[in-house]
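*Asks:* sequence plus the predicted model coming up.
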Amino acid sequence: MKLPFLCPLLLLTCTITHGQSTDTTVYYLNQSSTGNFNQTNDGISYNINNALKFNVAKKNMVLSTTNSYIYGEQLNQLSNNDFNSLVDISLNKKLSKMYYWGMATFTKSYSLKVDNRVQSGAGISYTLVDRKVLYLNLSDGFLYEYSDLYDLDAYQTTRNSARLKFMISLKSFITLESSNFFQPSITYFEDNIILSNTSLTIKLYEWLSLKGNILYNKISLTNKENVLANIGFAIEKYF
C-alpha cells in the first residue's frame, strides 16, 4: 500500500446523519477510518481500521449493521487482514427499559487465526441508566456458532453472549463509549471469546472531533489475542 494513499485514511472519520421526527423512521450512516503509523530503521509498521455503520430506527424497532475491515503490517510482515460484519435488531428499545434483540455476525481474521466464523442468536437487554450524561446497558442471550479455524477442523458450538455497554458524556464535548462482550461456550469450558471496543471523543469544534479507539480481541481456541490502539479525527454533519 502506497503511503500517499495511506496517510489521509489514518486521520479521517466521517459521520453522516439523516433524521426526522421521533414518530417517523430515522436513518443513520457512519463511515470511519482511523489508524496508526510508525517508521524505524528496521522498517515500517501501521494499521488501518475502516468501518461502515448504518442504522434504521422506528418507534418499536431499531436495525443496525456494522462492517469493519482492519489491515496492518509490522516491519513489512502482514499482521492484520480482518473483516467483521454484524446485523443487529432490537425490538421495543424505545418503548421499554427491557427489550429483545437478535444478532448475526460474520468474521474472518488473519490476526486471530479465524478462516470463517458465523454466529446467530437472540436474547434480552436491559437499560439501567439512560441519561444525557450517562448510559448503562446489560444484555444476555445465546448464539449458535459455526467456525472454521486455522489448523483446526470445522467447529460448532452454542455460546452464552453477555454484553456490558456504557457511555459517559462530560460537558457535552468529551464522550467515552465502550462495548464489552464475553462469550463462553456452554459445552466446552476451555472455549471463550472476549471482545472490547472503547473510544474517547473530544469535540474541538461543532463539526470536528479528535477520536481515539482501543480494540481488544481474544479467542482461547486459537490462543490468539490482539490489541489495536488507533487515533483520528471525526467530522460530523447533521441534516
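*Replies:* Nice, I can see it. Residues are numbered from 1 along each chain as shown.

*Asks:* distance from the chain centre to stretch 108-115, please.
*Replies:* 16 Å (Cα atoms, centre = their mean, to the nearest Å).

*Asks:* swap in stretch 98-113?
*Replies:* Worked out by Cα atoms, centre = their mean, stretch 98-113 lies 9 Å from the chain centre.

*Asks:* ok, now stretch 170-180?
*Replies:* Here stretch 170-180 is found 15 Å from its chain centre; the criterion is Cα atoms, centre = their mean.

*Asks:* contacts for that stretch?
*Replies:* The contact list for stretch 170-180 (Cβ atoms under 8 Å, 6 or more residues apart in numbering) reads 133, 163-169, 195-203. Glycine gets a C-beta too; all of them are placed from N, C-alpha and C.

*Asks:* all the helices of this protein, residue numbers only.
*Replies:* With DSSP state H, the ranges of helices along the chain come out as 3-10.

*Asks:* let me see the ranges of the strands in it.
*Replies:* If DSSP state E is used as the criterion, the strands of the chain fall at 11-18, 26-40, 43-57, 61-74, 77-91, 98-109, 114-130, 134-149, 155-170, 174-184, 192-203, 208-219, 224-238.

*Asks:* buried sites along the fifth one?
*Replies:* Within strand 77-91, the residues that qualify as buried are Ser79, Asn80, Asp82, Asn84, Ser85, Leu86, Ile89, Ser90, counting by 16 or more other Cβ atoms under 10 Å.

*Asks:* do the third one as well
*Replies:* For strand 43-57, the buried set under the neighbour-count rule, 16+ other Cβ under 10 Å, comprises Ser45, Tyr46, Asn47, Ile48, Asn49, Asn50, Ala51, Lys53, Asn55, Ala57.

*Asks:* next: the longest one.
*Replies:* Within strand 114-130, the residues that count as buried by 16+ other Cβ under 10 Å are Val114, Arg117, Val118, Gln119, Gly121, Gly123, Ser125, Thr127.
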